[in-house]
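J.: Generate a structure from the sequence data that follows.
(2 chains)
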Amino acid sequence: MAVDQPLAADNSFEEHDDIDEAALAAVLRIVPLGAAMLAGSAVALAVLGYLAIYLFVFLPRGVVG
Amino acid sequence: MSEGLQQTHERRVLGTELLWAFGVGVLVTATLSLIVFTALTRGINPPSNVERVDPKTLHLSGEFAEQNLGTVVAADGIVTARIIATQFMFAPHCIALPQGQPVTLRFASPDVIHGILITGTNVNTMVVPGYVAQVHTEFTRGGELLMPCHEYCGLGHSEMWANVQVLSAGEFKPDRDGRLTCAQR
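T.: Here you go, the predicted model:
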């Protein structure tokens, strides 16, 4: 039965990792915020475009049903 | 990465994903609410009439016989236009309709699938043989509008179009039978 254990290579990678933990923590705090801002801006623009067309083009064209 | 830092990072990722999912949920709910609100308050809905008609005898008798085509105003004031969409023309080729008044457009096809839209309006429907396509609308602006076939129906598809004349109350004057054609203007 296979046992889910870390590979030796992973361990060696962890051991030889010379990245500064504090610097990594600082980067991980900032990067997701930038990604969220970018994705949020893109979605906000798409929603605003949809609303603008719906309110200023679709509705003034009159009822249909 | 240390165990503690890894857990903190995963918590942040989970928090961001949940926040994003909440935001998307709000947007979807707001969009659907807007559509439902306008549907209920302004009567804007996709045309959804299901009504059978025999395409083989369309031109011989009944609602879509030649003498019944075009615009007619009933005794109760309801305006209805009956149009046949066929390869590669509309009959009649010009339809006179009133501005600022509810109208009903009824289409039928004896041959293949067609589609119509009226430029500058929300009128847009398929015309499927065997069914009556019906659209209720109210024109907010007057003038001459183009009504092309928007569903490829054969080699002459690009030549298949009609005119819709949207007339003001002063210009929209049906004859004593309640009928009105573009030529009567």
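J.: burial of residue 24, as a residue count?
T.: If you meant another chain, say so; for now it's chain A. For residue A:24, the count of nearby residues is 15 (other C-beta atoms under 10 Å in any protein chain shown). Every residue, glycine included, has its C-beta placed from N, CA and C.
J.: Chain B, not that one
T.: In terms of burial, residue B:24 registers 11 neighbours under the definition other C-beta under 10 Å.
J.: Using the three-state scheme, assign it.
T.: helix (DSSP: H, G, I helix; E, B strand; the rest coil).
J.: show me what contacts it?
T.: Residues in contact with residue B:24, defined by C-beta atoms under 8 Å, 6 or more residues apart in numbering or on different chains, are residue A:43.
J.: Same check on residue B:138?
T.: The neighbours of residue B:138, taking C-beta under 8 Å, 6+ apart as the test, are A:62, A:63, B:100, B:101, B:102, B:103.
J.: which residue of chain A sits farthest from its center?
T.: residue A:65 (39.8 Å; C-alpha atoms, centre = their mean).
J.: From residue B:180, how far off is the residue lying closest to that one once chain neighbours are set aside?
T.: Here the nearest residue to residue A:65 in space, its sequence neighbours aside, is residue B:45; by C-beta to C-beta, 6 or more residues apart in numbering or on different chains that works out to 4.2 Å. Applying C-beta to C-beta, to the nearest Å, one obtains 27 Å for the distance of residue B:45 from residue B:180.
J.: Neighbouring strands - and their directions - for the helix or strand in which residue B:95 is found?
T.: Residue B:95 belongs to strand B:94-98 when assigned by DSSP states H and E. Within its sheet, strand B:94-98 is paired with strand B:161-167 (parallel), according to DSSP bridges.
J.: wait, what's in contact with the nearest residue to residue B:163 once chain neighbours are set aside?
T.: Counting by C-beta to C-beta, 6+ apart, residue B:94 is the residue found nearest to residue B:163 once chain neighbours are left out, at 4.5 Å. Contact analysis of residue B:94 by C-beta under 8 Å, 6+ apart lists B:162, B:163, B:164, B:165, B:181, B:182, B:183.
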